[in-house]
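Asker: With the input below, show me the fold.
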Amino acid sequence: MYFAPSRVMDSSTNGKLVAVVPIKPLRHAKGRLAGVLSPSERRALALAMLNDVLSTLQATPSIDQVIVVSRDISALDVAEQHCAYPLIDQAETLNGALEQGAHFAKLRGATALLALPGDLPLISPTEIGDLIACGREIGGVVLAPSRDGGTNGMYRPLHAAVPFLFGPNSLSQHLAAAQKLGLPTRLFHGAGLDLDIDHPDDLLILADAPGETAAQQLARELCVDARMVCI
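Answerer: Below you'll find the predicted structure:
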């Protein structure tokens with residue numbers, strides 16, 4: 001069953017932290033990897049990364065509930081398998097989906113939110129827990145930068161009206177928006193949070209990094225290192 005925004009969230013999430021993970025339709029996933037992976041392989045990679053992200057979030061003690069916002073049935077099925085709330089995306093944009101998830105969480109009494117993409121297969125519970133602890137310590141906004149000037153994660157109190165501006169060069173935009181509101185703001189760097197999988201070189205890093213996440217195993221099975229030699 002996939003929850004519309006009117007469905008009541010368990011009251012145990014009141015006053016708690018909610019993580020929101022937006023997922024675009026998997027048929028559109030990872031288009032920039034088209035030169036290395038077929039459409040079915042890109043879809044499989046997106047699902048593997050979503051499994052990795054949700055496994056990490058569910059293993060992070062400071063996260064009380066996870067919401068996956070998507071129009072993709074397979075992504076919503078994976079959400080249910082990880083005991084996350086599968087929320088049907090009514091916005092059809094990345095930032096709109098995050099706003100929908102934040103609104104849903106706020107209506108149900110959550111007080112803080114972690115916005116996280118679904119393509120961070122190397123994040124760990126320790127890393128995510130440290131990011132959240134940083135946000136609680138400063139009582140403001142924490143941003144995880146990507147390597148290309150984007151944002152790979154945002155912690156914010158739900159009362160803070162910092163807009164979701166995820167996309168190219170979003171880090172500077174998020175910083176400006178938080179500072180304009182006078183909110184304490186901090187950057188948080190972590191090895192797993194730094195690596196989102198957007199480019200062929202990212203696949204090599206993923207396959208070569210220590211670990212056995214679902215996405216790593218798939219990247220190795222697909223022999224991405226050999227494919228990169230040929231392009």
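
Asker: so where do the strands sit in the protein?
Answerer: 17-23, 65-70, 85-88, 112-115, 141-145, 151-157, 185-187 (DSSP state E).

Asker: would CSV of those with distance to His174 be doable?
Answerer: All C-beta spots, glycine's among them, are computed from the backbone N, C-alpha and C. Converted to CSV, the strands of the chain look like this (distance: least, Cβ to Cβ, whole Å):
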stretch, distance to His174
strand 17-23, 15
strand 65-70, 19
strand 85-88, 23
strand 112-115, 10
strand 141-145, 5
strand 151-157, 6
strand 185-187, 8
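
Asker: Show me the shaky parts of the protein.
Answerer: 1-15, 224-231 (pLDDT under 70).

Asker: make it 80
Answerer: Under the criterion pLDDT under 80, the flagged ranges of the chain are 1-15, 223-231.

Asker: can you give me the helices in it?
Answerer: For the chain, the helices defined by DSSP state H cover 39-58, 73-81, 94-107, 125-138, 170-180, 191-194, 200-208, 214-221, 224-229.

Asker: Give me the distance from the longest one to the chain's centre.
Answerer: Mean C-alpha position of helix 39-58 versus that of the full chain (Cα atoms, centre = their mean, to the nearest Å) differs by 11 Å.

Asker: and that helix, what other elements does it pack with?
Answerer: For helix 39-58, the packing partners by 3 or more Cβ pairs under 8 Å, 6 or more residues apart in numbering; DSSP states H and E come out as strand 17-23, strand 65-70, helix 73-81, helix 125-138, helix 214-221.

Asker: what angle do it and helix 73-81 make?
Answerer: Relative orientation of helix 39-58 and helix 73-81, computed by axes from the mean of the first three to the mean of the last three Cα atoms, to 10 degrees: 20 degrees.

Asker: okay, helix 39-58 in CSV with CA atoms only?
Answerer: Extracted C-alpha coordinates of helix 39-58, given in CSV (Å, rounded to 0.1, in the frame of the first residue of the first chain):
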residue,chain,number,x,y,z
PRO,A,39,18.9,1.2,-19.5
SER,A,40,18.2,-2.0,-17.6
GLU,A,41,21.6,-1.8,-15.9
ARG,A,42,21.1,1.8,-14.9
ARG,A,43,17.7,0.9,-13.4
ALA,A,44,19.3,-2.0,-11.5
LEU,A,45,22.0,0.3,-10.2
ALA,A,46,19.4,2.8,-9.0
LEU,A,47,17.5,0.1,-7.2
ALA,A,48,20.7,-1.2,-5.6
MET,A,49,21.8,2.2,-4.4
LEU,A,50,18.3,2.8,-3.0
ASN,A,51,18.6,-0.4,-1.1
ASP,A,52,22.0,0.7,0.3
VAL,A,53,20.7,4.1,1.3
LEU,A,54,17.6,2.7,3.1
SER,A,55,19.6,0.0,4.8
THR,A,56,21.9,2.7,6.2
LEU,A,57,19.1,5.0,7.3
GLN,A,58,17.2,2.2,9.0
